[in-house]
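Peer 1: Sequence plus the predicted model coming up.
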Amino acid sequence: MARLKITQHKSVIGEKPKARATIETLGLRKIGQTVYKEDLPQYRGMVHRVRHLVDVEEVE
């Protein structure tokens, strides 16, 4: 199954509480941090909500 490589590239300062909570739920804490998640609809939805704060790549 494919995985998602999610990297935070912008700060959550000034963002709405839902965006902050989503970033925290994804496991991101600081700019430049990368996490790997399974390619599931739940994670796709979270990434969609904060797409302006993160970079996403599909990896094998």
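Peer 2: Alright, I've got the coordinates. Bear in mind the structure is a predicted one, so any value in this text is a computation, not a measurement. Residues are numbered from 1 along each chain as shown.

Peer 1: quick one, what contacts the nearest residue to residue 4 once chain neighbours are set aside?
Peer 2: With Cβ to Cβ, 6 or more residues apart in numbering as the criterion, residue 4 has its nearest non-adjacent residue at 4.9 Å, and that residue is residue 37. Bear in mind the C-beta positions are built from the backbone N, C-alpha and C, glycine included. For residue 37, the contact set (Cβ atoms under 8 Å, 6 or more residues apart in numbering) comprises 3-4, 6, 26, 43.

Peer 1: Now for these: which two are most distant?
Peer 2: Taking Cβ to Cβ, the two most distant members of these are 3 and 26; they sit 13.3 Å apart.

Peer 1: which ones among the contacts of residue 37 are found in helices?
Peer 2: In this view, the contacts of residue 37 that belong to helices under DSSP state H are 26, 43.

Peer 1: tell me which element the residue nearest to residue 4 falls in.
Peer 2: Using DSSP states H and E, residue 37 sits in strand 34-38.
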